[in-house]
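1. Provided below are the primary sequence and the corresponding predicted coordinates.
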There are 2 protein chains.
Amino acid sequence: MAVIGIDVGGTKIAAGRLGTDLCVERSVVIPTPHGGIKIVDAIAALCADLGSDSTAPITAIGVGLPATIDAVTGRVAHSVHTGMVDFDAAGPLETRTGLPVVLDNDANLALLAEHRMGAAEGSQTALLLTLGTGVGGGIVIGGQIFRGGRGHGAELGHICVDGDGPPCQGDCPGHGCLETMCSGTAITRDLRAFAAVNPNTALGALHAVGKLDSRSGLALARDGDSDALQVFAGAGRWLGVGVASLCNAFDPDVVVIGGGVSDAGEVILGPARKEYLARALPPTRRAEVVRATFGHEAGMVGAGILAADAI
Amino acid sequence: MAVIGIDVGGTKIAAGRLGTDLCVERSVVIPTPHGGIKIVDAIAALCADLGSDSTAPITAIGVGLPATIDAVTGRVAHSVHTGMVDFDAAGPLETRTGLPVVLDNDANLALLAEHRMGAAEGSQTALLLTLGTGVGGGIVIGGQIFRGGRGHGAELGHICVDGDGPPCQGDCPGHGCLETMCSGTAITRDLRAFAAVNPNTALGALHAVGKLDSRSGLALARDGDSDALQVFAGAGRWLGVGVASLCNAFDPDVVVIGGGVSDAGEVILGPARKEYLARALPPTRRAEVVRATFGHEAGMVGAGILAADAI
């Protein structure tokens, strides 16, 4: 028996085939096309590819979307980054693949993986933030994933930390949402803004040749570049502001940070933890703020778990 | 059978005797003394007073505190406004009164009342904010009060809406917490700041005689004073920023606004609703933002319900 886990992000789709032990046997990453039908086409092609060399039959497909899924209709209600609105993603995908398809929000699935066998294992109350193109959120309450009243909740990237801050991304009408302050997109924006006014720096040199983004900026930060470190620390500080808010609201055991930006590790988590501890109410400073065990693969692994659970 | 419900606020203690139908038979309001033992003394005296003319025997006392109660120890863990830290409030009160005493966070109890027989009746997912000296919060998930992982959660007044905003109150180390932007204390601060630089206004005239606070400011706003209306609208706008964050996180059916400041009604709720609808993600704009059915008495009624439920 094998299942396929798909994690659709704002920029990339990660797809993996998981065996009976839920270990990833093979994975593929492609850019995310824009629009619901194109994303369904891309997922169907990835499933065909991952099924082609499987020794065991594929029994189900789990898909994580950067979207809210309506708990009543099962349709994609809304997605800041992919343009899906009131969209049936599971139906066409089942038709193309002939396999059962289960859907959830991408960050819920990252938390499912971390809660089942990662950084939040055994926790009754846990939060997860995925830092990528946007910022996704997942919530465990009473040992179960909490998706909001009608499945549209846990959009923790869209809590506001700076009410008069910059406008948010995609079709989010907010300002100063957590996503606007510490996503990969926000870090790239801030790195480039610094580089533009400081051309005679390592960041400026990268920017001049059009190669400055959160990934190349992180490489500089890891080499000890103080400018790059400062931009990541700024994003980390805002992450800490959000974590403090969330800890005051939920009083979790653990806050797990996943997504591509979590590859920055302590470069962003160190400043985040410091700010969180400086701001949270005393009793809610008990939560550990840790990196996802499955790193940026948490969503894909969680999608596989969802599929395996469904059959 | 009768029970006593006590709502301890940062400024006032409201105490009421409730009959078998949970209607308030008689109520008393006194100023809140500072410190745990003095508050216990005051509550014991209120209970003696309310018991003195009761036709039915008092069977239990419910107390709402502006504090987090540790779910494991049952002790008051922390309170921004009363100075209680790791404090046993129930024990000494049972000794003085000879009656069973049950405790909870004040806003949780306001939500208990609203959920049982008020604005959130029958809701599976509901939020409540009490606007008073501070801002308290309550959460219903799956039809039950959610108190956070260890009972320290639901401090929704301490989500940050303005990360570089003014320092929060009491011993909250946050900046720009919701409480700092739309509590009664915040409104009084903003009214006085306006009056200080605009002495030739109605607000300025009240301030000059030392009589300007959120209550007198509200009276002016109700009379159509545009300056007072603007200050309340500013607080309402920040309330809306917080409500949008909370709706994105919880996707509730309803957001109930209680506490003394909710007496302002549409003067504050109108601007709050407008800002919330302008900022929340499309699917989470479904929540109604309404005034508490029990107004500023919700906490006292909820404390009575807690006591009645306990026996």
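-> Sure, I can see it.

2. check the offset of stretch A:153-162 from the chain's centre.
-> Averaging C-alpha positions (CA atoms, centre = their mean, to the nearest Å) puts stretch A:153-162 13 Å from its chain's average.

3. mean confidence score for it?
-> Throughout stretch A:153-162, pLDDT has a mean value of 96.

4. now swap in stretch A:50-70 and tell me
-> Taken as a whole, stretch A:50-70 has a mean pLDDT of 94.

5. next, the buried residues of that stretch.
-> The neighbour-count check on stretch A:50-70 (16 or more other CB atoms under 10 Å in any protein chain shown) flags A:50-51, A:58, A:60-70 as buried. Placement of C-beta: from N, CA and C, glycine included.

6. what's the answer for stretch A:244-262, then?
-> Neighbour counts over stretch A:244-262 (16+ other CB under 10 Å) mark A:244-262 as buried.

7. OK, contacts around the closest residue to residue A:240 other than its chain neighbours?
-> Of all residues not flanking residue A:240 in the chain, residue A:275 sits nearest, at 2.6 Å (CB to CB, 6 or more residues apart in numbering or on different chains). Under the criterion of CB atoms under 8 Å, 6 or more residues apart in numbering or on different chains, the contact list for residue A:275 reads A:236, A:237, A:238, A:239, A:240, A:241, A:243, A:244.

8. may I ask which helix or strand encompasses residue A:275?
-> According to DSSP states H and E, residue A:275 maps onto helix A:266-279.

9. can you dump the C-alpha atoms of the next helix or strand after that helix in PDB for me?
-> Counting by DSSP H and E, the element after helix A:266-279 in chain order, helix or strand, is strand A:288-291. What follows is strand A:288-291, C-alpha atoms only, in PDB (Å, rounded to 0.1, in the frame of the first residue of the first chain):
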ATOM      1  CA  GLU A 288       8.100  26.100  23.500                       C
ATOM      2  CA  VAL A 289       8.700  27.800  20.000                       C
ATOM      3  CA  VAL A 290      10.300  25.100  17.900                       C
ATOM      4  CA  ARG A 291      11.100  24.300  14.300                       C
END
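
10. please see if strand A:288-291 touches chain B.
-> No - figure legend: strand A:288-291 not in contact with chain B (CB under 8 Å from any CB of the partner chain); closest approach 12.1 Å.

11. which elements pack onto whichever helix or strand comes after that strand?
-> Using DSSP H and E, the helix or strand that follows strand A:288-291 towards the C-terminus is helix A:298-310. Contact here means 3 or more CB pairs under 8 Å, 6 or more residues apart in numbering or on different chains; DSSP states H and E; on that basis helix A:298-310 packs against strand A:2-8, strand A:12-18, strand A:24-31, strand A:58-65, strand A:101-105, helix A:106-117, strand A:125-131.

12. is it true that residue A:103 touches residue A:66?
-> No - contact between residue A:103 and residue A:66 fails when scored by CB atoms under 8 Å: they sit 11.8 Å apart.

13. who are the contact partners of the residue in the stretch 151-300 of chain A that chain B sits nearest to?
-> Minimum separation of the stretch 151-300 of chain A from chain B (CB to the nearest CB) falls at residue A:251, amounting to 2.8 Å. Residues near residue A:251 by CB under 8 Å, 6+ apart: A:125, A:283-284, A:286-287, B:68, B:147-154.

14. quick one, phi/psi of it?
-> For residue A:251, the backbone dihedrals (degrees, to the nearest 10) come out as phi 50, psi 60.

15. nearest residue to it in space, please, no chain neighbours.
-> residue B:148 (2.8 Å).

16. pretty sure residue A:150 is in a helix, no?
-> No - Residue A:150 sits outside any helix when classified using DSSP: H, G, I helix; E, B strand; the rest coil, being coil.

17. just give the number of residues close to the residue lying closest to it once chain neighbours are set aside.
-> Closest residue to residue A:150 apart from its sequence neighbours, by CB to CB, 6+ apart: residue A:71 at 5.1 Å. Other residues near residue A:71 come to 15 when the count uses other CB atoms under 10 Å in any protein chain shown.

18. secondary structure class of residue A:71, three-state.
-> coil.

19. equivalent analysis for residue A:189, please.
-> Residue A:189 ends up helix, using three-state DSSP.

20. tell me the contacts of it?
-> With contact set as CB under 8 Å, 6+ apart, residue A:189 has no partners.

21. hang on, residue A:139 packs against residue A:255?
-> No - at 10.7 Å, residue A:139 and residue A:255 do not qualify as touching, with contact defined as CB under 8 Å.

22. which neighbours do these two share?
-> Among the neighbours of residue A:139, those also in contact with residue A:255 (CB under 8 Å, 6+ apart) are A:126, A:127, A:128.

23. quickly list what the first one is bridged to.
-> Going back to what we said before, that points to residue A:126. Beta-bridge pairing of residue A:126 under DSSP bridges involves residue A:140, residue A:254.

24. state the pLDDT value of it.
-> We have a pLDDT of 98 for residue A:126.

25. tell me who's in contact with it.
-> A:111, A:114, A:115, A:120, A:139, A:140, A:252, A:253, A:254, A:255, A:256.

26. residue contacts, the fifth one?
-> So that's residue A:139. Applying CB under 8 Å, 6+ apart, we find residue A:139 in contact with A:111, A:126, A:127, A:128, A:145, A:146, A:147, A:153, A:154, A:156, A:250, B:249.

27. could you report the neighbour count for residue A:131?
-> Residues near residue A:131, counting by other CB under 10 Å, number 30.

28. so for it, what's the nearest residue that isn't a sequence neighbour?
-> Spatial nearest neighbour of residue A:131, excluding adjacent residues (CB to CB, 6+ apart): residue A:261 at 3.5 Å.

29. same question, residue A:124
-> Here the residue nearest residue A:124, using CB to CB, 6+ apart, is residue A:143, at 5.2 Å.

30. wait, that neighbour sits on residue A:116?
-> No - using CB under 8 Å, residue A:143 is not in contact with residue A:116, being 11.0 Å away.

31. okay, those two: which has more neighbours?
-> Between residue A:143 and residue A:116, counted using other CB under 10 Å, residue A:116 has the larger neighbour count: 15 against 11.

32. could you say which helix or strand holds residue A:220?
-> Per DSSP H and E: helix A:214-222 holds residue A:220.

33. against which helices or strands is that helix packed?
-> Judged by 3+ CB pairs under 8 Å, 6+ apart, helix A:214-222 is in contact with helix A:184-197, helix A:202-208, helix A:226-250, helix A:266-279.

34. can I get these in a markdown table including mean pLDDT?
-> Shown next, in a markdown table, are the helices and strands packed on helix A:214-222 (pLDDT from 0 to 100):
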| stretch | mean pLDDT |
| --- | --- |
| helix A:184-197 | 98 |
| helix A:202-208 | 98 |
| helix A:226-250 | 98 |
| helix A:266-279 | 98 |
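
35. and stretch A:193-212, end to end?
-> When the termini of stretch A:193-212 are compared using CA to CA, to the nearest Å, they are 11 Å apart.

36. swap in stretch A:278-297?
-> Termini of stretch A:278-297 sit 31 Å apart (CA to CA).

37. that stretch: which residues count as buried?
-> For stretch A:278-297, the neighbour count (16+ other CB under 10 Å) marks A:279-285, A:287, A:289-297 as buried.

38. before we move on, what about stretch A:21-33?
-> Judged by neighbour count (16+ other CB under 10 Å), stretch A:21-33 contains these buried residues: A:24, A:27, A:32.

39. run through who's touching that stretch.
-> Applying CB under 8 Å, 6+ apart, the contact partners of stretch A:21-33 are A:2, A:8-19, A:39, A:41-42, A:46, A:49-50, A:53-54, A:81-82, A:117, A:297, A:300-301, A:304-305, A:308.
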